[in-house]
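Chemist: my questions are about this predicted structure, shown below with the sequence.
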Amino acid sequence: MVKISLHNLLFFAHHGLHEEEKILGGDFEVNADLYYENRSDVIKTIEDTIDYGGVYAIIKQRMNKPTPLLETIAMEMAVTIKQAFPVTNELSIRIKKINPPITAFAGNVEVCYIKKYN
């Protein structure tokens, strides 16, 4: 099994339920882990693996589409990544809202979606 990870991807986006989030936007961090069974003893070409540049492009494109719920974003990313890279056996998408608009709250919030195939 091989794991491909993209971590600490930072985005400014307009996701959220509240009007101020939709207007002002906020900072988000995305972490993705993808797993697949390698078909050979040694991976020597990009065709034998998952292209993390392609995965990043999918994540970036989806983060640019304002959406009320982080759960929706994570699940839609998972569907698109699986379509683009069908060898994916399992994936995990974590989306962190760096400064959520919660009164007297210090910290961040995060959604994690894990999907196993077969």
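Modeler: The structure has been received and is ready for your questions.
Chemist: and Lys116, how close does it get to Arg39?
Modeler: 19 Å (C-beta to C-beta, to the nearest Å). All C-beta spots, glycine's among them, are computed from the backbone N, C-alpha and C.
Chemist: and the end-to-end length of stretch 4-24?
Modeler: End-to-end distance for stretch 4-24, by C-alpha to C-alpha, to the nearest Å: 33 Å.
Chemist: report the mean confidence score over it.
Modeler: When pLDDT is averaged along stretch 4-24, the result is 92.
Chemist: so who does the residue lying closest to Pro66 once chain neighbours are set aside touch?
Modeler: Nearest residue to Pro66 in three dimensions, chain neighbours excluded: His14, at 4.2 Å (C-beta to C-beta, 6 or more residues apart in numbering). Counting by C-beta atoms under 8 Å, 6 or more residues apart in numbering, His14 makes contact with Glu21, Lys22, Ile23, Leu24, Gly25, Gly26, Pro66.
Chemist: please pick the buried ones from these.
Modeler: Glu21, Gly26 (16 or more other C-beta atoms under 10 Å).
Chemist: just the contacts of His14: which are in helices?
Modeler: Glu21, Lys22, Ile23, Leu24 (DSSP state H).
Chemist: Asn99 versus the last one, what's the distance?
Modeler: For Leu24, the distance to Asn99 (C-beta to C-beta) stands at 10 Å.
Chemist: now the helices: where do they sit in the chain?
Modeler: Under the criterion DSSP H, the chain contains helices at 19-24, 52-63, 70-84.
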